[in-house]
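Student: Compute the structure for the input listed below.
(one chain, ligands or ions: 1)
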Amino acid sequence: METQQHPHHEEQARLQHTFQEIERQRADIGPVYHGQDYVEQLLEAKREETRQRLDLLASEPYFGRLDFREESKSEPFPLYIGKRGMDDKETGQPYIIDWRAPVASLFYSFTGGDASVTYEAPDGTIEGDIYLKRSLSIRDKTLQRVVDSYERGGDNIGLNDEFLLYKLGDKKDNRLRDIVSTIQAEQDLIIRAPRYKALIIQGAAGSGKTTIALHRLAFLLYQYQQQIRAERMIIFAPNTMFLDYISGVLPELGVGNVKQTTFAEWALDILDGNVRLADGTTEGNRWFSLEGTRPAINDETPGRFKGSLTFQKWLDDQLRVLEQNFLVDQPFEAWEGRVLPSETIREWFEVEYRHYHLAARRERLTARINRWLEMQLTNIGDPKVRKDKSKTGKQRLRAYMNKLPKADALSFYQSVFNQGSDDFIPKKILNETKAYLKKGHVLPEDLAPLVWIHHSFNGAEGLVFDHVVVDEAQDVSPFQIALLNTFMNEPSFTILGDLAQGIHAYRGVQRWDELSAMFDEQHNSYHVLKQSYRSTLEIIEFANRILPFTDTGLPPAEPVFRSGDPVDIVPLGKAADQLAAITSFIRDNQERGMRTIAIICRTDEECRLIHELMLPAGIEANLIAEGQSQYRGGVTVVPVYLAKGLEFDAVLIANANERLYARTTQDAKLLYVGCTRALHRLTLLYEGDLSPLIG
Ligand SMILES: Nc1ncnc2c1ncn2[C@@H]1O[C@H](COP(=O)(O)OP(=O)(O)OP(=O)(O)O)[C@@H](O)[C@H]1O
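Tutor: Residues are numbered from 1 along each chain as shown. A predicted model of the protein is given here:
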């Protein structure tokens, strides 16, 4: 139901007044300071922050209004809610309320009814009544839409979703956007959850997981501004293109400096250039091509095995053994007759330096023996003899220290694989890893173990996280989460994912308790988001039919009532028809105003072939391949495994036949991911027999 409402005069007047107030406050700040005075420079930084806040407000001052009467007051007071807050300069009263402020939570949690409501203020619970809930759309400084979703005493039927539907109907460009104006109650609960938790969120495709995680960071920074710093927050996402796609949201929310990275990039950075990932091990080649048989996934799959907490514990045992046997039971003989007893060396290493990490203990030990050596040399009067002894002593010290293991992650990792493992490591994994390590290469699943070892040798090296977001968390291993946890004083995680989209099951989790089990009860909370906002009712219902084949036991996604075109399933007579069908799909959707259109293929190879055909046919499209760091929008040709996390106005599944999408859980997940990328329109072509997953 779409009832176009005309902007209120009252809101127009308030908006004009708001713009005047913003301008007045902007003018009051005065000119930019360019001088050298340190105190003035600090003040200028604050002023610049205010300027930026006011500029943000000037483009869209607020999006909501809530008339709230506090229990102790006789009249309701209109609260205008915006992305940032602003006080009235004269009265000092809030003029616009930051969406993250406690009172603003009412705007999101309130879903109707005349009963009293409460919110948690810093001084305790505040109770009162709501008289009006109004959404406002302001674009280009113009009030475009006013929708009341609640009026005290009114009939309030059917209006609740209108503003949300209006927002969801938008066409998308190449960036994910903020949703502050339409955050839903179940999403708000997650955004505002307390800081010291490992929140684990299973959310249906399009339920807003990525978006919520970013809003949660903005909330935490606001709520705990004295304790949390943006530079100590980090977001892990599956690839650099996805990072590019989400990179606009935090700046829109006024948040800067949060590190956004992939696990591999982060790990390689910590390992400081000492480790190289093997070439030719891209996931497209290894796991998503159709050549040969696709490897079965079980606990002996390398990613699952090396990502398990059992492997982590086994490595810990090896590290303990290393530490216990670190020293050689030999004295250090600097030259004939000048001996440092092994008991003294042991005392330094095991008692005096026991509080240091192994790398530091080793370094300190070298320095200490060196000092002892220098002392011995001072007793030698003859300079020539002293020089000779010094040379011998230094050479012998080097040789002595070389007998001790290196406290270096890669060397240690190599040594545990080379020593064998009493059958703990499955033969195939052992041999494959040894072969890579021999060439100085590692595989992606070796990164968490290597950083773990590095951490054991060197400690956190000053790295502390105040909060960690892990997106697409069904694809990360328990070992990775345990590793990230060591960089926090107390667990503060937002871990989000969807098991039905677990296409990287060869390295990810199969159940959420694989992750939650590592946190104690008070630190761990699990949420399920069933409502899906991205796609039309028809697309969600269609994708829900594929869901049971993923074998995850997850409930179907629940659509918001946004109806669109039916899903099209089109058989292809002969190969040439495919190009014609793709061309007409693109043209048709462009004419209908779709801004982002994706041709989703099963493999890299299929993408390349289709893309090659498109160019001579006069269709410009971006071909997405692994390792790409930018998502440009427009028309895109993308393999399904790289489309995860992205969304497009219109999606064409290039060939949904039985060969490409067989009746396996892995193919079901891939097809589910592909179909759920579409916001407004979805078409599936197929050549030969239709995939049994569609039925
Ligand atoms: N409350 C909301 N109001 C408006 N739009 C919303 C809301 N929640 C989610 N959306 C929109 O739904 C779409 C999906 O959001 P997002 O990509 O964050 O979901 P997701 O759960 O991470 O999806 P997936 O797992 O399928 O990648 C986005 O376009 C987002 O803007």
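
Student: Make sure residue 683 is indeed in a helix.
Tutor: No: using DSSP: H, G, I helix; E, B strand; the rest coil, the assignment for residue 683 is strand, not a helix.

Student: any idea how far residue 597 is from it?
Tutor: 11 Å (CB to CB, to the nearest Å). C-beta here means a position set from N, CA and C on the backbone, and glycine is covered the same way.

Student: Now list whatever residues contact both of these two.
Tutor: Residues touching both residue 683 and residue 597 by CB atoms under 8 Å, 6 or more residues apart in numbering: 585, 650, 651, 652.

Student: Am I right that residue 507 sits in a strand?
Tutor: No: Residue 507: not assigned to a strand; according to three-state DSSP it is coil.

Student: I'd like the numbering to begin with 783 instead of 1 from here.
Tutor: Fine by me, first position is 783 from now on; the one you just mentioned is residue 1289.

Student: Is there a neighbour count for the residue nearest to it when sequence neighbours are not counted? I'd like the number.
Tutor: Spatially, and ignoring its direct neighbours in sequence, residue 1289 is nearest to residue 1085 (2.9 Å; CB to CB, 6 or more residues apart in numbering). Here the number of neighbours of residue 1085 (other CB atoms under 10 Å) works out to 23.

Student: In what element of secondary structure is residue 1085 found?
Tutor: Using DSSP states H and E, residue 1085 maps to helix 1084-1088.

Student: Give me the distance from that helix to the chain's centre.
Tutor: 22 Å (CA atoms, centre = their mean, to the nearest Å).

Student: Against which helices or strands is it packed?
Tutor: Using 3 or more CB pairs under 8 Å, 6 or more residues apart in numbering; DSSP states H and E, the elements in contact with helix 1084-1088 are helix 1209-1220.

Student: Now do the helix it packs on: which elements does it pack against?
Tutor: Helix 1209-1220 packs on helix 1084-1088, helix 1191-1201, going by 3+ CB pairs under 8 Å, 6+ apart.

Student: sorry, back to before: ok, then the element right after the helix holding residue 1085?
Tutor: Counting by DSSP H and E, what follows helix 1084-1088 is helix 1091-1106.

Student: Now that following helix: buried residues?
Tutor: 1091, 1093, 1094, 1096, 1097, 1100, 1101, 1104, 1105 (16 or more other CB atoms under 10 Å).

Student: Return the closest of those with respect to residue 1211.
Tutor: residue 1093 (9.7 Å; CB to CB).

Student: Distance check, the nearest residue to the closest one once chain neighbours are set aside against residue 1266.
Tutor: Leaving aside its chain neighbours, residue 1093 sits nearest to residue 1087 (6.1 Å; criterion: CB to CB, 6+ apart). Separation of residue 1087 from residue 1266 (CB to CB) stands at 20 Å.

Student: just the helices in the stretch 883-1032 of the chain please.
Tutor: 887-891, 944-950, 967-973, 991-1005, 1022-1028, 1031-1034 (DSSP state H, counting those that start in this stretch).

Student: Distance from the chain centre to the first one, please.
Tutor: Its chain's C-alpha centre and that of helix 887-891 lie 26 Å apart, by CA atoms, centre = their mean.

Student: The fourth one now?
Tutor: Here helix 991-1005 shows a centroid-to-chain-centroid distance of 11 Å under the convention CA atoms, centre = their mean.

Student: Go ahead and name everything in contact with it.
Tutor: With contacts defined as CB under 8 Å, 6+ apart, helix 991-1005 is touched by 880, 882-883, 958, 960-962, 965, 969, 972-975, 977, 983, 985, 1010, 1012, 1015, 1017, 1028, 1031-1032, 1035-1037, 1040, 1248-1249, 1251, 1253, 1276, 1278-1280, 1311, 1427.
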